[in-house]
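Novice: Sequence first, then the predicted structure, then my questions.
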Amino acid sequence: MAAAIPALLVLFVLWRWRADPTLGFIALARMVAQLLLVGYVLVYIFEADTPWVVLAVLGVMVVAASWIALRTVPELRGTLYRDAFVSILVGGGSTFALITQGVLALEPWYEPSFTVPLAGMIFAASMNSVSISAERVFAELRRGVSYGDARRIAIQAGLIPIVNSLLAVGLVSLPGFMTGQILSGVSPLIAVRYQVMVMCMIFGASGLSAAVFLSLAGRRAVARSVSGA
């Protein structure tokens, strides 16, 4: 409750300045409810310790991430959902497989306490990059920019959040993953190694997913968006 004080102050400022605080309040309430719910779900997943449950969770993540990613272009959700799904599955899924099976060599391969949190970070990064890329590419096309230039601008925009994080890590901020390990008593040097892995996987998943999406969307979706379909 004490940690919520700054958030409540922001809602108060919005109210005093006649800005609608409703969305902020709903977002905070949903955050608390969703995290409480996911806490119970994770307890079940960890206790079940079966590959089918883990695969089902990963599937839900990809389906939800693909839908949310197209929030920036809601009029094209029906047209682009399959492209978003494939891009997040390919870009995020390949990165997830490499990290869990090649780098960490999990035993068993579906170890829930590793796979679920890592998948969450990877698919969230893919979702954000696809979302920004989708908004940017169609915005540029509506300005009359050629598809090649629009695609280049879009993938650069999609990578802005993770590139900023790469530049700032260790100087401006200590990432949550690394901070959590240090607070739990892990050596900072070991925590750094894990954080390097995390940053590389997020950058890779973001870039690959954006690239696949922009390639799949192609000129078919471009033509439809420009024509207003």
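Specialist: In hand now; what should we look at? Numbering: from 1, shown residues only.
Novice: center of this protein - which residue?
Specialist: In the chain, the residue lying closest to the centroid (C-alpha atoms, centre = their mean) is Ala124, at 1.7 Å.
Novice: Can you list the buried residues in the helix or strand containing Ile182?
Specialist: Taking DSSP states H and E as the criterion, the element that holds Ile182 is helix 176-183. Across helix 176-183, burial judged by 16 or more other C-beta atoms under 10 Å covers Phe177, Met178, Gln181, Ile182. (C-beta placed from N, C-alpha, C; glycine too.)
Novice: Give me the helices and strands touching the helix ranked longest in the chain, please.
Specialist: The longest helix of the chain (DSSP state H) is helix 188-226. If contacts are counted by 3 or more C-beta pairs under 8 Å, 6 or more residues apart in numbering; DSSP states H and E, helix 188-226 sits against helix 77-97, helix 112-142, helix 147-158, helix 160-168, helix 176-183.
Novice: for the ones you listed, which one ends up most surrounded?
Specialist: helix 112-142 (a mean of 22; mean count of other C-beta atoms under 10 Å).
Novice: If you average the pLDDT over that helix, what comes out?
Specialist: Model confidence over helix 112-142, given as mean pLDDT, is 93.
Novice: how far off helix 188-226 does that helix point, in degrees?
Specialist: Put simply, helix 112-142 runs at 40 degrees to helix 188-226, going by axes from the mean of the first three to the mean of the last three C-alpha atoms, to 10 degrees.
Novice: Which strands and helices lie in contact with helix 112-142?
Specialist: Where contact means 3+ C-beta pairs under 8 Å, 6+ apart, helix 112-142 is packed against helix 22-48, helix 51-69, helix 77-97, helix 147-158, helix 160-168, helix 188-226.
Novice: for those, which one sits closest to Glu107?
Specialist: helix 51-69 (12.7 Å; C-beta to C-beta).
Novice: rewinding a little: list the contacts of the residue nearest to the centre of the chain.
Specialist: Ala124 sits next to Ala65 when contact means C-beta atoms under 8 Å, 6 or more residues apart in numbering.
Novice: What lies in contact with the worst-scoring helix or strand of the chain on mean pLDDT?
Specialist: Least confident element among the helices and strands of the chain, by mean pLDDT, DSSP states H and E: helix 176-183 (a mean of 75). Residues outside helix 176-183 that contact it (C-beta under 8 Å, 6+ apart): Met121, Leu174, Pro188, Ile190, Ala191, Val192, Tyr194, Gln195, Val198.
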